[in-house]
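**Student:** output the structure for:
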Amino acid sequence: MVKFQNVSFSYDGEHPVLEDLSFTINKGEAVGLIGANGAGKSTIMNLLLGLLKGSGEIIVDGLPVNKQNLPQIRQKIGFVLQNSDNQMFMPTVYEDMIFGPLNYGLSREEAERRVDQVLDTLGLQGLKHRHNHKISGGEKRMAAIATILAMEPEMIVMDEPSTALDPVNRRRVINTINSLPQTKLIASHDLDMILDTCQRVLLISQGKIVADGDAEAVLLDKALLEANQMELPLCVQGWQRKHG
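**Tutor:** Numbering: from 1, shown residues only. From the prediction side, this is the model:
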């Protein structure tokens, strides 16, 4: 689904944020992208979406990421932003959800069918006609995911999907992520959530991949995480305290 080949990027032309980065993500994989602040996670997602341009080659479903292919690529990838307020810009959840499908040329009847199908699947019919400024942060995060799903992307990219959620809504988002068949790339500092949702983890440090492997193997490696300014998931820390 995605291939990065020898990708480098610098914001100022002098100090590289990413350096000779290469990895692939296969269709159907759920991949966690982890690393300390400034490691390059957001830059990777912005390059994937064509919001930034670096050196090297990025391919999405056989298409090189370039200006000519961006319309097709952005139909294949749904991006759930960290701040749902930056994504939900219409007055109601329904208007936000139908906006994308209509812009892709679907008839209103087909677009409405998609909206209702997604809302039913996620158990969110009660939000359909709610005003975005009158729903909770957790509801807005679920609505933002629903908005992306209504466009039926082949891949979903999420930036810190559990930020500022209470435990109930955090678990609801995790369950929703696990129910999605799409290819997923999830960037987060919430390593417990990554452990719950991803089978594979890419650990980025100083613009390079320092680990790429099974989620449990990477996330339970205390020495590896601490060497890259990270800590074990909280659930693991709690278990270790309890059992010595």
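
**Student:** show me the shaky parts of the chain.
**Tutor:** In the prediction, the chain carries residues with pLDDT under 70 at positions 236-244.

**Student:** which helix of it spans the most residues?
**Tutor:** helix 108-122 (DSSP state H).

**Student:** let me know the next secondary structure element after that helix.
**Tutor:** helix 137-149 (DSSP states H and E).

**Student:** and that following helix, what other elements does it pack with?
**Tutor:** Under the contact definition 3 or more CB pairs under 8 Å, 6 or more residues apart in numbering; DSSP states H and E, helix 137-149 sits against strand 77-80, helix 93-103, helix 108-122, helix 167-179. In this view, the C-beta of every residue, glycine as well, is placed from N, C-alpha and C.

**Student:** mind redoing it with 6 Å?
**Tutor:** Judged by 3 or more CB pairs under 6 Å, 6 or more residues apart in numbering; DSSP states H and E, the packing partners of helix 137-149 are strand 77-80, helix 93-103, helix 108-122.

**Student:** for the ones you listed, which one ends up most surrounded?
**Tutor:** strand 77-80 (a mean of 23; mean count of other CB atoms under 10 Å).

**Student:** distance between that one and the chain's centre?
**Tutor:** Centre-to-centre, strand 77-80 and its host chain are 7 Å apart (CA atoms, centre = their mean, to the nearest Å).

**Student:** partners of it, with directions?
**Tutor:** Paired with strand 77-80 in the same sheet, following DSSP bridges, are strand 155-159 (parallel).

**Student:** chain center to the strand it pairs with: distance?
**Tutor:** Using CA atoms, centre = their mean, the offset of strand 155-159 from its chain centre is 3 Å.

**Student:** appreciated, that's everything.
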